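Colleague: Show me how the following folds:
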Amino acid sequence: MTLAAVERMNRGLGTGFELVPAWTAVTVTDHAVANPSPARIAPAAPTGISMRAVAVLMRTVDMLGENTGGRSDLIAALSSAREARPANLWIFLLACATGAGSLAIIFGAHDATAVFLAAGSAALGGAIRRLLSRLHIGPIGQVFVAAFVAGIIGGLAVHADLSSSLRLIAVCPAMILVPGPHILNGALDLLALRIPLGFARLGYAALLLLSIGTGLAIALALFGTNLPTDPTGRAVPLGLDVVAAAIAAGSYPVYFSMPYRLIAWPVIVGAVAHGLRWWAMSLWGMNVVVGAFIACLLVGSVLAPIAHRLHIPFAGIGFAAVVSLVPGVFVFRAIDALDSLPFGGTDHQLLGGISDGTTALLIVMAMAVGLAVPMHLYGQLGQKART
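Modeller: Numbering: from 1, shown residues only. Down below sits the predicted model:
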């Protein structure tokens, strides 16, 4: 979508710029015959996501593509994008709380105390992340500390007999730290044969996941507990599942500063998709991987044309709609099981960790394919319509 935006800008300004994206920088060249310039490399590591800045620039690029704007509009839009700020602190903390609380409900929390503890832990973790950001501590350190705090609160809940074997009080605040957009974008890059960029995204996501899982495991280990492999799941009624999925879908866009006017799309589509997944798994007997694929196929089919029409990155609204499907809990259990092996772990823990890790990989692959197929088909149809 970024490359398409550059093409629209070229049409409006009569320029010949070409952009080559990479992980740590982008390369820009000017192919205009009148004034060809050497390639310029601009550092631009995409470790942060500001959908507000994207929306401002995309509206201006659309104006350029339609010949209703000029260079002055682009300069003004760039200035506005630079001034875009993250969501208000209190709105961010509220989104952290509602995101973790809704995930606790989706994963089977039947006790209101567990839901409120997970929500409060996530809000505290969000406040700590904002504080660490002001101290210029990077994302890896931020998620480690936030996950460690979640593990401490989860460990205290276990000792107070407030936590079930699912350990949702510890897991759900850590779930909102999962770098879902990077995971999905990385998988989509690989499917589009953007191999270096795809592996860079997935490598960064893997570092964040490892930091989250390690912080969570260390904190739980201090209380002599861990994340049990293959715990007994709990059934959640369809209505409660759909409502919780809608709340989660409305919470996640706040984390990457999506304009509030766009949040309705992932909320509605995400709730319907999660209901379809519940139906497929509960009534049709499908497993969690197939359920995730069906839900993401629906999300991709509905939101791909909307993303193209609004000229916003699909991963923004797409990930928010399927956030409750991201297998963060499987990743954390796998890391926790592997971490315990050098300290008296059992073969059962090893097999459980391998099973959880494999399940997480299969779910991510199913989600990526389910989202990518509609995007690819819509892109091909749009290209044929233009020609």
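Colleague: helix or strand for the residue nearest to residue 13 when sequence neighbours are not counted, which one?
Modeller: Spatial nearest neighbour of residue 13, chain neighbours left out: residue 64 (6.1 Å); criterion: CB to CB, 6 or more residues apart in numbering. Any C-beta I mention is one placed from the backbone N, CA and C, and that applies to glycine too. Residue 64 belongs to helix 51-65 when elements are defined using DSSP states H and E.
Colleague: Quick check: which helices or strands does that helix pack against?
Modeller: helix 2-13, helix 71-82 (3 or more CB pairs under 8 Å, 6 or more residues apart in numbering; DSSP states H and E).
Colleague: List the buried residues in the last one.
Modeller: It refers to helix 71-82. Neighbour-count burial for helix 71-82, counted by 16 or more other CB atoms under 10 Å, picks out 73-74, 77, 81.
Colleague: For that helix, name the packing helices and strands.
Modeller: helix 2-13, helix 51-65.
Colleague: Tell me which of those approaches residue 264 most closely.
Modeller: With CB to CB, the closest approach to residue 264 among the helices and strands packed on helix 71-82 belongs to helix 51-65: 14.2 Å.
Colleague: Show me how far that closest one is from its chain's centre.
Modeller: 22 Å (CA atoms, centre = their mean, to the nearest Å).
Colleague: what inclination does it have with respect to helix 71-82?
Modeller: 170 degrees (axes from the mean of the first three to the mean of the last three CA atoms, to 10 degrees).
Colleague: thinking again about what came up before, what about the residue nearest to residue 13, neighbour count?
Modeller: 22 (other CB atoms under 10 Å).
Colleague: and residue 18, that's in a strand?
Modeller: Yes - under DSSP: H, G, I helix; E, B strand; the rest coil, residue 18 falls within a strand.
Colleague: please renumber so the chain begins at 29
Modeller: Renumbered: residue one is now 29, and that last one reads residue 46.
Colleague: Correct me if wrong: it contacts residue 57.
Modeller: Yes - at 5.1 Å, residue 46 counts as touching residue 57 under the criterion of CB atoms under 8 Å.
Colleague: circling back: wait, what's in contact with the residue nearest to residue 41?
Modeller: 36-37, 39-41, 98, 101-102 (CB atoms under 8 Å, 6 or more residues apart in numbering).
Colleague: Now with 7 Å, please.
Modeller: Shown in contact with residue 92 (CB atoms under 7 Å, 6 or more residues apart in numbering): 36-37, 40-41, 102.
Colleague: try residue 93
Modeller: Contact analysis of residue 93 by CB under 7 Å, 6+ apart lists 36, 39-40.
Colleague: same question, residue 229
Modeller: 210, 213-214, 217.
Colleague: Can you list phi and psi of residue 316 for me?
Modeller: With angles defined as degrees, to the nearest 10, residue 316 sits at phi -70, psi -30.
Colleague: Give the other helices and strands that the longest helix that the chain contains contacts.
Modeller: If you go by DSSP state H, the chain has its longest helix at helix 375-414. If you count contacts as 3 or more CB pairs under 7 Å, 6 or more residues apart in numbering; DSSP states H and E, helix 375-414 packs onto helix 208-219, helix 316-338, helix 342-350, helix 356-368.
Colleague: what's the spacing between the residue lying closest to residue 344 once chain neighbours are set aside and residue 391?
Modeller: Using CB to CB, 6+ apart and skipping the chain neighbours, the partner closest in space to residue 344 is residue 79 (5.1 Å). Separation of residue 79 from residue 391 (CB to CB, to the nearest Å): 25 Å.
Colleague: for residue 113, same thing?
Modeller: To residue 391, residue 113 is 34 Å away according to CB to CB.
Colleague: More neighbours: which of those two?
Modeller: residue 391 (23 against 9).
Colleague: That one contacts residue 318, doesn't it?
Modeller: No - judged on CB atoms under 7 Å, residue 391 makes no contact with residue 318 at a distance of 10.0 Å.
Colleague: State the mean pLDDT of stretch 89-98.
Modeller: Model confidence over stretch 89-98, given as mean pLDDT, is 83.
Colleague: how distant is that stretch from the center of its chain?
Modeller: How far stretch 89-98 lies from its chain's middle: 31 Å, per CA atoms, centre = their mean.
Colleague: Next: stretch 233-251.
Modeller: With CA atoms, centre = their mean, you get 18 Å for stretch 233-251.
Colleague: As CSV, could you dump the C-alpha coordinates of it?
Modeller: Extracted in CSV, the C-alpha atoms of stretch 233-251 (Å, rounded to 0.1, in the frame of the first residue of the first chain):
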residue,chain,number,x,y,z
ALA,A,233,8.4,-10.0,16.6
ALA,A,234,10.2,-13.1,17.8
LEU,A,235,12.5,-10.9,20.0
LEU,A,236,9.5,-9.2,21.5
LEU,A,237,7.7,-12.5,22.1
LEU,A,238,10.8,-14.0,23.7
SER,A,239,11.1,-10.9,26.0
ILE,A,240,7.5,-11.1,27.0
GLY,A,241,7.6,-14.9,27.6
THR,A,242,10.8,-14.7,29.6
GLY,A,243,9.6,-11.8,31.8
LEU,A,244,6.4,-13.7,32.5
ALA,A,245,8.2,-17.0,33.2
ILE,A,246,10.8,-15.5,35.5
ALA,A,247,8.1,-13.7,37.6
LEU,A,248,6.0,-16.9,37.9
ALA,A,249,9.1,-18.9,38.8
LEU,A,250,9.7,-16.6,41.8
PHE,A,251,6.4,-17.8,43.2
